[in-house]
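# let me see the structure of the following:
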Amino acid sequence: TAASPATPFVTEASVEAEPDFDVVVLGGTLGIFAASAFQARGFKVCVIERGPLAGRNQEWNLSLDEVRDLVDAGALHAD
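Predicted structure coming up:
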């Protein structure tokens with residue numbers, strides 16, 4: 001038999017809300033880095049992610065220039 005659909009991690013709120021964010025980031029590994037860099041610079045950040053945030057074990061496939069951009073943005077440290 002087919003597996004039942006996964007239960008959503010976050011569901012719609014039962015009350016109306018007025019979000020107060022400077023930046024909304026659509027998750028993913030690099031999105032989490034970007035969100036961290038925005039937050040470190042004082043922005044109020046909302047991250048929309050498909051599931052629970054957890055450690056990520058994957059091959060990065062980043063160029064050295066992209067890594068330098070992440071260091072400059074404050075999402076990574078040079079050391």
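# which helix or which strand is home to residue 46?
Per DSSP states H and E, residue 46 falls inside strand 45-48.
# which elements pack onto that strand?
With contacts taken as 3 or more C-beta pairs under 8 Å, 6 or more residues apart in numbering; DSSP states H and E, strand 45-48 sits against strand 23-26, helix 29-40. Bear in mind the C-beta positions are built from the backbone N, C-alpha and C, glycine included.
# give me the number of residues near residue 75?
19 (other C-beta atoms under 10 Å).
# again but with residue 72, I slipped
Neighbours of residue 72 (other C-beta under 10 Å): 11.
# that one is in what secondary structure piece?
Residue 72 belongs to helix 64-73 when assigned by DSSP H and E.
# so residue 71 touches residue 64, yeah?
No: taking contacts as C-beta atoms under 8 Å, residue 71 lies outside contact range of residue 64: 10.4 Å.
# between these two, point out the one with more neighbours.
Taking other C-beta under 10 Å, residue 71 and residue 64 do not tie; residue 71 has more neighbours (14 against 7).
# in stretch 24-33, what's buried?
Neighbour counts using 16 or more other C-beta atoms under 10 Å place 25, 32-33 of stretch 24-33 among the buried residues.
# so where is this protein shaky, pLDDT-wise?
Scanning the chain with the threshold set as pLDDT under 70 gives 1-16, 52-61.
# thank you kindly, that will do.
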